[in-house]
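[1] pasted the sequence and its predicted model underneath.
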Amino acid sequence: MKILSIHCGLPREVVWHGSHVTTSIFKQPVQGRVALRTLNLDGDRQSDLTVHGGRHKAVYCYPMEHYAYWAEELPDRTLEMGTFGENFTTEGLLEDSIHIGDRFAVGSAEVVVSQPRLPCYKLNIKFDSNDMTRRFLASRRTGFYLAVTREGEVGAFDEFLPLSHDPNAVSISEITQLYLAKEYGEDDLHRVERALRVGALPDSWKDYLREKMNQRDA
């Protein structure tokens, strides 16, 4: 389990369907080591802080293993690491094996897995496609966000060293399934109950899951 490549980007203005949009989804590879701070990596800044960034979304990770799938889905496009707007392109960290609340040491920093990525329309901008956001979410290949619990420095090929695992253990894949499910079955309700006990899951997610669970009971 390791970082293969690190990418950062600053806000830039682009034109999308005739409107000017500010986005930070265009990332560039970083050479050497970079400081990882509570809100982001040095040299990286989110554009719309109402939906991006903050302490629960300091770093976005995307598995290199998914690039083969997208190479088949998007045969006319060159897919270099960082294409999906990720800060860390990773190896060995897949959504069904990574859980909310998993804590790792990486480089001299410490991080905790906080939530899956829910893509916004700016992924459409990056791929110049009106349906890329839909396809990305439907693929369930979302990647995940990290919160920083101890600042430090990171670099390419740093390993993720496990520190602890939340006993309620809800995977990124399970949380994504709960988000996408039209209605909850009994197994889903048990997953929600576990997820609500995970300290690393942001309150916004917990509120969403409670509301959806309450709709079933109404």
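    Yep, that arrived. Predicted model, so just to flag it, every value in this text is computed and none were measured.
[2] for residue 194, which non-adjacent residue is spatially closest?
    With Cβ to Cβ, 6 or more residues apart in numbering as the criterion, residue 194 has its nearest non-adjacent residue at 4.2 Å, and that residue is residue 168. C-betas here are computed from N, CA, C, even on glycine.
[3] just the element for the one you found, please.
    Take DSSP states H and E as the rule and residue 168 turns out to sit in neither a helix nor a strand.
[4] what number of residues lie near it?
    Using other Cβ atoms under 10 Å, residue 168 is surrounded by 17 other residues.
[5] got the contact list for it?
    101, 194-195, 197-198 (Cβ atoms under 8 Å, 6 or more residues apart in numbering).
[6] try residue 107
    33, 36, 152-155, 158.
[7] among those residues, name the buried ones.
    Buried subset of the contacts of residue 107 (neighbour count, 16 or more other Cβ atoms under 10 Å): 33, 36, 152-154, 158.
[8] any low-confidence regions in the protein?
    Applying pLDDT under 70 to the chain picks out residues 47-53, 216-218.
[9] any idea how far the residue most central in space within it lies from residue 177?
    The centre of the chain sits closest to residue 144, judged by Cα atoms, centre = their mean, with a distance of 2.7 Å. To residue 177, residue 144 is 14 Å away according to Cβ to Cβ, to the nearest Å.
[10] cool, residue 54 as well?
    On the measure of Cβ to Cβ, residue 54 and residue 177 end up 24 Å apart.
[11] now residue 22: phi and psi?
    Backbone torsions of residue 22, given as degrees, to the nearest 10, read phi -100, psi 130.
[12] which outside residues touch the top helix by length along the chain?
    Secondary structure assigned by DSSP state H gives helix 203-217 as the longest helix of the chain. Outside helix 203-217, the residues within contact range by Cβ under 8 Å, 6+ apart are 115, 175, 178-179, 181, 183-184, 189, 192, 195-196.
[13] from the residues you listed, which two are the most distant?
    115 and 183 (21.7 Å; Cβ to Cβ).
[14] which one's more surrounded, these two?
    Higher neighbour count among residue 115 and residue 183: residue 115, with 22 against 8, using other Cβ under 10 Å.
[15] which neighbouring elements make contact with the helix or strand containing the more buried one?
    Counting by DSSP H and E, the element that carries residue 115 is strand 109-116. Packing contacts for strand 109-116, counted by 3 or more Cβ pairs under 8 Å, 6 or more residues apart in numbering; DSSP states H and E, involve strand 103-106, strand 144-150, strand 152-154, helix 172-180.
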